[in-house]
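Engineer: build me a structure from this.
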Amino acid sequence: MSKIHLIAIGGSAMHNMALALHEKGFSVSGSDDEINEPSRSRLAKAGLLPEQMGWFPEKINSELEAVILGMHAREDNPELLRAKQLGLKVYSYPEYIYQATQDKQRIVIGGSHGKTTITAMILHVMHTLGIETDYLVGAQLEGFSTMVRFSKTARYAIIEGDEYLASPIDRRPKFHLYKPNIAIISGIAWDHINVFPTFDNYVEQFNTFINLIEPNGHLVYCETDSVLKQIAENNASIANTNKHPYSVPPNKIEAGTTYLLAGETAIPLLIFGNHNLMNLKAAQLACAQIGITPTHFYKAIQSFKGAAKRLELVHKGNSFHFFKDFAHSPSKLKATTQAVRQQFPNRYTIACMELHTFSSLNETFLNEYEGAMDAANEAIVYFNPHTISHKKLKEISVSQVMDAFKRSDLKVFTLSADVVNYLKQQHWQDKVLLMMSSGNFDGIDFAQLALELH
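Structural biologist: Below is the predicted model of the structure:
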């Protein structure tokens, strides 16, 4: 039995990889200095939770076939140093994903936004149609037990291609390691400024990704993104790559339901918003390259509810809707807020976002948020000064946030309790609440909040 050890096993992607390897029949061990929920419970259930927290070089021995290094570990990690000393093969998790899928047809989904949703759409369609596939996706999906799957039998691998770094000792963006047969790029909007300090540097990562498409492969890209359109169409090194541009497909909204228009047929959807319709079109074009007909795709996609935390419906009433969303970057805020306003044009929309990521809390990047929530009737921004301190960033002030968003009626809070109290004071008749963050507003229970509001 092959033995694999995971350094920093408690991470979101890493613990799912451990579960996937365990399900495949590998002997799996791992270490971490801190493991939180839901990783802890899921690892414990599979018998993979380390007995003690910390790093134990004695776990690393010559019997290991491979060591997989998580991003949470550091370059001087004692287990990593021991693995190097023994000459063991050390993979980042994207490296290992490629190794496990190199004999399969790989669909890799990249882009600054929409990656998880497009990946989830393709997986939903393939699952509905009974097409076996391996996968890596950045969220827990309904109907899938893990976020990673390996098999010997699947012909396909659907991979969410994150542009962040592969590991502490591999500074390449993750999506540079997957070498897609079919690549999707949903759009380019500057992010991860701690790694890519300029917009041009960030854009270059996507140009490199395009160059890594396998010969005679396919590039599916959003042509409404002018920067993406330029690099996709002017890249001379991919002359043999088949290009498939897309934009918002024909659609209509009736009585709160969005319909996709395919010829004379109106296809009802459970999702909404122009960004989701473009995500759907990207997924459909990718699926077409592996033989899934539009008819089969559209029939399967009707039951797609969306990926977790992506315009996820927390509460639905006759006159009050409450959504939560992972949106945190300027482009995501704008797309998500516009989608809600478009879907509920006669409702008063209150949009609330948390500045939580390294980029969003950086005083220079903050100016990128100008106009990001203008589509909402009312906009609220929350940030926790302790988070800024923890990330060792320069302090930002309420007035700086006001100036950045360029919205005179913007409400800014620095205590999550004040956000909750403000929302409780509002009347929610004929209104929509949209809460957006890659965090959780420092522990707000959204389900409980919904009960208290409606």
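Engineer: what segments of the stretch 301-450 of the chain are helices?
Structural biologist: For the stretch 301-450 of the chain, the helices defined by DSSP state H, counting those that start in this stretch occupy 330-343, 385-390, 398-405, 416-424, 446-453.
Engineer: which of those helices comes out lowest on mean pLDDT?
Structural biologist: When the helices of the stretch 301-450 of the chain are ranked by mean pLDDT, helix 385-390 comes last with a mean of 86.
Engineer: so which elements touch that one?
Structural biologist: Helices and strands touching helix 385-390, by 3 or more CB pairs under 8 Å, 6 or more residues apart in numbering; DSSP states H and E: there are none. The C-beta positions use only the backbone N, C-alpha and C, and glycine is treated the same way.
Engineer: from the chain's centre, how far out does that helix sit?
Structural biologist: 24 Å (CA atoms, centre = their mean, to the nearest Å).
Engineer: again, but for stretch 51-71
Structural biologist: 28 Å.
Engineer: end-to-end on it?
Structural biologist: Distances were taken as CA to CA, to the nearest Å; on that basis the terminal residues of stretch 51-71 are 21 Å apart.
Engineer: and Ile271, what pLDDT?
Structural biologist: Here the pLDDT value assigned to Ile271 is 92.
Engineer: out of the helices of the stretch 301-450 of the chain, the one nearest Val248 is which?
Structural biologist: With respect to Val248, and counting by CB to CB, the nearest of the helices of the stretch 301-450 of the chain is helix 330-343 at 11.1 Å.
Engineer: what does that closest one rub up against?
Structural biologist: If you take CB atoms under 8 Å, 6 or more residues apart in numbering as the criterion, helix 330-343 is touched by 112-113, 187, 189, 253, 256, 258, 272-276, 311, 323, 325-327, 349, 351, 353, 368-376, 432, 434, 436.
Engineer: just the helices of the stretch 301-450 of the chain: most buried one?
Structural biologist: Ranked by average neighbour count under the criterion mean count of other CB atoms under 10 Å, these are headed by helix 330-343 at a mean of 22.
Engineer: now the buried members of the contacts of helix 330-343.
Structural biologist: With neighbours counted by 16 or more other CB atoms under 10 Å, the contacts of helix 330-343 contain buried members at 112-113, 187, 189, 258, 272-276, 311, 323, 325-327, 349, 351, 353, 368-369, 372-376, 432, 434, 436.
Engineer: what about those residues, which are in strands?
Structural biologist: The subset of these located in strands under the criterion DSSP state E comprises Thr258, Phe323, Asp325, Thr349, Ala351, Met353, Val432, Leu434, Met436.
Engineer: across the sheet, point out what pairs with the nearest residue to Ser92 once chain neighbours are set aside.
Structural biologist: Ranked by CB to CB, 6 or more residues apart in numbering and with sequence neighbours excluded, the top spatial neighbour of Ser92 is Ser167, at 3.5 Å. Taking DSSP bridges as the rule, Ser167 bridges to Asp170.
Engineer: ok, Ser167 - contacts?
Structural biologist: If you count contacts by CB under 8 Å, 6+ apart, Ser167 has them with Leu69, Gly70, Met71, Ala73, Ser92, Tyr93.
Engineer: so which of those residues is the closest to Gln400?
Structural biologist: Met71 (29.7 Å).
Engineer: where does that closest one land in three-state SS?
Structural biologist: coil (DSSP: H, G, I helix; E, B strand; the rest coil).
Engineer: before we move on, back to that, could you save the ones in strands among the buried ones among the contacts of helix 330-343 as a markdown table and add columns showing distance to Thr117 and pLDDT?
Structural biologist: Supplementary listing: these in a markdown table, determined by distance: CB to CB, whole Å; pLDDT from 0 to 100:
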| residue | distance to Thr117 | pLDDT |
| --- | --- | --- |
| Thr258 | 14 | 94 |
| Phe323 | 14 | 94 |
| Asp325 | 11 | 92 |
| Thr349 | 21 | 97 |
| Ala351 | 19 | 97 |
| Met353 | 18 | 96 |
| Val432 | 20 | 96 |
| Leu434 | 16 | 97 |
| Met436 | 15 | 95 |
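Engineer: what's the most distant pair in those?
Structural biologist: Farthest pair in these (CB to CB) is Thr258 and Met353. Separation: 23.3 Å.
Engineer: which other residues reach the worst-scoring helix or strand of the chain on mean pLDDT?
Structural biologist: Of all the helices and strands that make up the chain, the one with the lowest confidence by mean pLDDT, DSSP states H and E is helix 385-390; it has a mean of 86. Identification of contacts with helix 385-390 by CB under 8 Å, 6+ apart yields His356, Leu361, Lys394, Glu395, Ile396, Thr414.
Engineer: one more: stretch 18-36?
Structural biologist: With CB under 8 Å, 6+ apart, stretch 18-36 has contacts from 1-11, 14-15, 42-43, 46, 48-50, 53-56, 59, 70, 72, 79, 145-146, 148-151.
Engineer: again, only this time at 7 Å
Structural biologist: Outside of stretch 18-36, the residues within contact range by CB atoms under 7 Å, 6 or more residues apart in numbering are 1-10, 42-43, 46, 48, 50, 53-56, 59, 79, 146, 148-150.
Engineer: narrow those to those in strands?
Structural biologist: With DSSP E as the criterion, strands contain Lys3, Ile4, His5, Leu6, Ile7, Val148, Arg149 from among these.
Engineer: for the spatially most central residue of the chain, give its distance to Met353.
Structural biologist: For the chain, the residue nearest the mean C-alpha position is Thr116 (4.3 Å; CA atoms, centre = their mean). To Met353, Thr116 is 18 Å away according to CB to CB, to the nearest Å.
Engineer: next one: Glu65
Structural biologist: Spatial separation of Glu65 from Met353 under the definition CB to CB is 44 Å.
Engineer: what do you get for Pro173?
Structural biologist: Pro173 is 26 Å from Met353, by CB to CB.
Engineer: do Met373 as well
Structural biologist: According to CB to CB, Met373 and Met353 sit 7 Å apart.
Engineer: what of Lys229?
Structural biologist: Shown here: Lys229 relative to Met353, a distance of 28 Å by CB to CB.
Engineer: surely the residue nearest to the centre of the chain is in a strand?
Structural biologist: No. Under the criterion used here (three-state DSSP), Thr116 is helix, not part of a strand.
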